[in-house]
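> Quick one, fold the following:
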Amino acid sequence: MCDRRPGRLAPLVVVMVVAGGGCRKGSGEVQAAVPPARPAAVSSATASPGAAASDEGPGLMPAHAYASTRISGLDQITSANVGSLKLAWTFSTGVTRGHEGAPLVVGGTMYVVTPYSPQSPNVLYALDLTQPGAPAKWSYKPKVMQAAQGVACCDTVNRGASYAAGKIFYNTLDGQTIAVDAATGKEAWVARVADINMGESLTMAPLVVKDKVLVGDSGGEFGIRGWLQALDAATGKPAWKAYHTGPDADVLIGADFKPFYKKDQGKDLGVSSWPPEAWKTGGAGMWGWISYDPDLNLIYYGTANPGPWNPEQRPGDNKWSTTIFARDADTGQARWAYQLTPHDLHDYDGINEQLLLDLPIGGQTRKVLVRPERNGYIYVMDRTTGEVLSADQFGYVTSSSGVDTKTGELQGVDAKKPQIGKVVRDICPAAPGMKDWQPSAFSPRTGLLYVPHQNLCMDEEGTEANYIAGTPFVGMNVKMYAGPGGNRGELLAWDIVNRKKVWAVPEAFPAWSGALTTAGDVVFYGTMEGWFKALDAKTGKVLWQFKTGSGIIGQPVSYRGPDGRQYIAVFSGVGGWAGAIVPAGLDPRDGTGALGFVNAMTDLPKATTAGGMLYVFSL
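Down below sits the predicted model:
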């Protein structure tokens with residue numbers, strides 16, 4: 001998907017949100033699958049040049065470190081004292097769109113990027129953590145084309161920034177990557193990398209690897225041709241660009257490309273697996289997460305859905321959509337690829353995070369890549385070769401029956417294939433998948449993966465889609481609804497080595513925020529009603545919760561302040577695809593709104609209002 005949410009959003013009514021709320025210990029219902037987890041004998045996540053900084057705070061990137069584990073090494077806040085957590089200070093962004101981003105802390109300064117709005121178009125703020133209340137030191141307001149709102153299929157979100165070499169790097173909705181001097185707020189360079197007239201936009205958080213800034217495009221619902229490109233961090237000039245459809249030369253596939261499975265081997269599959277010329281409008285953007293292994297010098301990321309959604313218009317595997325790529329960080333040349341969901345039928349695009357871990361698998365320590373995937377499986381792969389070591393369902397799945405690890409094939413269920421003019425019911429998971437963009441976290445202390453995700457099913461009916469540049473190119477009627485049990489989401493603790501669910505906390509709405517775990521054995525995440533929760537990382541018991549002014553879909557972070565104290569920060573501000581009904585004012589009677597998500601969220605406007613606020617907590 002582009003990053004989805006309604007095709008065109010209605011004008012918003014600005015709602016004033018009070019920054020109040022209350023904090024208290026929460027009871028919280030935990031569904032235990034097995035006895036509480038014990039600290040596992042697993043090695044730490046892959047180290048990176050930013051590993052030391054990530055112990056102090058997010059520092060370099062939203063994921064805390066290149067391995068994308070989202071664990072903080074800080075341990076002042078523990079499962080024993082987190083119940084005493086108090087609100088330290090707040091900051092209003094002045095924007096009432098979805099806040100999917102993460103604050104970035106470098107030294108004594110916190111940097112935040114707002115979602116796009118005409119009044120506050122992806123503004124970058126620098127907040128002074130050395131002063132009471134963290135007043136703004138400066139702000140940078142980019143020049144952004146308002147027309148970009150028309151190609152932001154799924155709310156005008158921004159997922160954050162990255163830091164390197166004295167600069168803050170971030171993207172704007174209208175297709176610009178910008179470098180700003182971290183000390184002064186002075187613009188260093190601007191590179192226009194995406195074209196809104198072709199349906200492209202930028203919502204992802206860029207990643208800086210060595211001297212390159214990595215950026216990918218959104219727009220899978222607008223017939224884009226997806227890509228990932230590297231910009232020179234000093235100048236913003238292009239270093240390399242890899243397309244995700246088309247000839248091997250365009251995809252940067254050469255002699256060193258060695259996919260593990262036969263299904264991904266062959267010449268120019270980015271052309272031959274599509275109908276003639278369809279690869280040119282085939283989607284496969286890259287608006288999610290990138291990880292980096294410095295020992296192998298490989299970056300890992302996934303590509304988005306093929307376009308249009310209607311699969312009858314694009315027979316074939318549709319490579320390289322819904323694919324994990326491993327690429328040389330210096331040249332962009334592909335080393336291996338694995339297509340997760342060939343000929344994607346249900347918008348199970350694969351932009352989710354890659355956690356790079358060293359784990360005991362089959363009696364030996366393996367360098368693995370772990371992916372809780374949209375299609376409903378947690379993949380554990382050898383990150384040196386692309387071999388699937390295991391793929392286990394972590395929720396209710398009807399659209400497929402399993403993954404054959406010998407062939408790498410996802411075993412689809414024919415009865416759940418959407419068709420033109422026929423409504424196919426009870427397809428699970430729904431289009432947002434078992435888990436969408438919201439990143440999970442891993443603790444080497446417990447050996448558990450903490451996965452915020454949804455429990456949704458859907459009905460689908462194919463329709464004809466016609467391509468016109470810069471306009472919606474979908475071809476599917478969708479209605480989503482709660483899956484078995486009625487809870488639309490949960491926070492899941494998963495034992496990767498033993499391949500099983502340990503415990504879960506059910507949520508009324510999709511768990512659309514990211515997760516964070518700490519060396520104090522606490523897991524943090526937020527709910528779409530606006531509760532920010534702290535759980536015991538071993539048992540799942542809710543130890544503390546705070547009611548924010550709006551639903552939470554942001555990424556929590558932990559950092560050490562200039563005063564030496566540990567802080568926890570998170571954005572509140574409902575929206576994104578899941579919450580678009582609130583800031584966009586969509587009619588709850590139209591179940592097809594927001595590409596079918598409205599039908600599953602008709603009660604969300606009663607549970608929360610729109611808003612945009614940063615909340616920071618400490619003991």
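
> what's the helix or strand for Asp250?
If you go by DSSP states H and E, Asp250 is part of helix 248-251.

> for that helix, packing partners?
strand 238-243, helix 269-272 (3 or more C-beta pairs under 8 Å, 6 or more residues apart in numbering; DSSP states H and E). Backbone N, C-alpha and C define where each C-beta goes, glycine included.

> Reformat these as a markdown table; add mean pLDDT and mean neighbour count.
Below are the helices and strands packed on helix 248-251 laid out as a markdown table (pLDDT from 0 to 100; neighbours: other C-beta atoms under 10 Å):
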| stretch | mean pLDDT | mean neighbour count |
| --- | --- | --- |
| strand 238-243 | 98 | 17 |
| helix 269-272 | 98 | 21 |
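
> right, so of the ones you listed, which gets closest to Gln333?
Ranking the helices and strands packed on helix 248-251 by proximity to Gln333 (C-beta to C-beta) places strand 238-243 first, at 8.3 Å.

> about what we covered before: could you export the helices and strands packed on helix 248-251 as a markdown table, including distance to Thr281?
As requested, these are exported to a markdown table (distance: least, C-beta to C-beta, whole Å):
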| stretch | distance to Thr281 |
| --- | --- |
| strand 238-243 | 12 |
| helix 269-272 | 13 |
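
> Select, out of those, the one closest to Met458.
Here helix 269-272 is closest among the helices and strands packed on helix 248-251 (C-beta to C-beta), at 28.7 Å.

> packing partners for that closest one?
helix 248-251.

> Would you state the helices of the protein in chain order?
All helices of the chain, identified by DSSP state H, fall at 51-56, 248-251, 269-272, 576-579, 604-607.

> contacting residues around the second one?
Contacts made with helix 248-251 from outside it, assessed by C-beta atoms under 8 Å, 6 or more residues apart in numbering, are listed as 242-245, 254, 257, 267-268, 270, 320, 334.

> mind redoing it with 7 Å?
Identification of contacts with helix 248-251 by C-beta atoms under 7 Å, 6 or more residues apart in numbering yields 242-244, 267-268, 270, 320, 334.

> By mean pLDDT, point me to the weakest helix or strand of the protein.
One helix or strand of the chain scores below all others by mean pLDDT, DSSP states H and E: helix 51-56, with a mean of 36.

> on that earlier part again, of all the helices and strands packed on helix 248-251, which lies closest to Phe597?
With C-beta to C-beta as the yardstick, what comes closest out of the helices and strands packed on helix 248-251 is strand 238-243 (29.2 Å).

> Tell me the strands beside the closest one, with direction?
Strand 238-243 pairs in its sheet with strand 227-232 (antiparallel), by DSSP bridges.

> returning to what we had before: let me have the helices of the chain in JSON lines, extended by distance to Val413.
Shown next, in JSON lines, are the helices of the chain (distance: least, C-beta to C-beta, whole Å):
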{"stretch": "helix 51-56", "distance to Val413": "41"}
{"stretch": "helix 248-251", "distance to Val413": "30"}
{"stretch": "helix 269-272", "distance to Val413": "25"}
{"stretch": "helix 576-579", "distance to Val413": "25"}
{"stretch": "helix 604-607", "distance to Val413": "30"}
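
> looking at those helices, which is buried most?
Neighbour counts (mean count of other C-beta atoms under 10 Å) averaged over each of the helices of the chain peak at helix 576-579, with a mean of 32.

> still on that earlier bit, and the helices and strands packed on helix 248-251: which comes nearest Pro306?
Across the helices and strands packed on helix 248-251, Pro306 has its closest neighbour in helix 269-272 (11.2 Å, C-beta to C-beta).

> Need the contact partners of the closest one.
With C-beta under 7 Å, 6+ apart as the criterion, helix 269-272 contacts 245-248, 251, 279, 319-320.

> Buried among the residues you listed? Need that as a selection in ChimeraX.
Only the buried entries of the contacts of helix 269-272 go into this ChimeraX selection, using 16 or more other C-beta atoms under 10 Å:
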select :245,246,248,251,279,319,320
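
> quick one: which of the contacts of helix 269-272 is nearest Ala65?
The closest of the contacts of helix 269-272, once distances to Ala65 are taken by C-beta to C-beta, is Trp320, at 27.0 Å.

> what's that closest one in contact with, if anything?
244-245, 251, 270, 284, 303, 337, 339.

> Check Leu604 too.
By C-beta under 7 Å, 6+ apart, the contact list for Leu604 reads 509, 528, 579, 581-582.

> Now distance to Gly236 and pLDDT too, for the contacts of helix 269-272, in TSV please.
Output for the contacts of helix 269-272, formatted as TSV (distance: C-beta to C-beta, whole Å; pLDDT from 0 to 100):
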residue	distance to Gly236	pLDDT
Thr245	25	98
Gly246	25	98
Pro247	27	98
Asp248	28	98
Val251	24	98
Trp279	29	98
Lys319	30	98
Trp320	26	98
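
> what's the closest of the contacts of helix 269-272 to Leu491?
Nearest to Leu491 out of the contacts of helix 269-272 is Trp320 (C-beta to C-beta; 31.8 Å).

> ok, the closest one to Gly160 distance?
As judged by C-beta to C-beta, to the nearest Å, Trp320 and Gly160 stand 26 Å apart.

> Which single one of the contacts of helix 269-272 is nearest to Glu312?
Checking these against Glu312 with C-beta to C-beta, the nearest one is Trp279 at 16.7 Å.

> which residues touch the closest one?
Trp279 makes contact with 245-246, 270-271, according to C-beta under 7 Å, 6+ apart.

> any idea which of the contacts of Trp320 is closest to Val451?
Lowest distance from Val451 to those (C-beta to C-beta) belongs to Thr303, with 21.0 Å.

> quick one: the closest one and Gly270, what's the gap?
Note on Thr303: its distance to Gly270, by C-beta to C-beta, is 11 Å.

> What is the neighbour count of the closest residue in space to Thr405 that isn't next to it in sequence?
Excluding the flanking residues, the one nearest Thr405 by C-beta to C-beta, 6 or more residues apart in numbering is Val388, at 4.7 Å. Val388: 23 surrounding residues under other C-beta atoms under 10 Å.

> Over to Thr323?
A total of 27 residues lie near Thr323 under the criterion other C-beta under 10 Å.

> One more: Thr517?
30.

> these two touch, right, it and Thr69?
No: the criterion here is C-beta atoms under 7 Å, and Thr517 misses it with Thr69 at 8.3 Å.

> joint contacts of these two?
Common neighbours of Thr517 and Thr69 (C-beta under 7 Å, 6+ apart) are Ala441.

> measure Gln438 to Trp494 for me?
From Gln438 over to Trp494 the distance is 15 Å, taken as C-beta to C-beta.

> more neighbours, these two?
Under the criterion of other C-beta under 10 Å, the comparison of Gln438 against Trp494 puts Gln438 first, with 28 against 25.

> I'd like to check which residues are in contact with that one.
452, 511-514.

> among those residues, which are in strands?
When DSSP state E defines the strands, the subset of the contacts of Gln438 inside them is Pro452.

> Please pick the buried ones from the contacts of Gln438.
The neighbour count (16+ other C-beta under 10 Å) marks 452, 511-514 as buried among these.

> with the contacts of Leu604 in mind, which one is nearest to Lys406?
Closest approach to Lys406 among those (C-beta to C-beta): Phe509, at 38.5 Å.

> ok, back up a step: mind picking the one among the contacts of helix 248-251 that's closest to Val424?
Proximity of the contacts of helix 248-251 to Val424 was ranked by C-beta to C-beta; the top entry is Trp320 with 26.4 Å.
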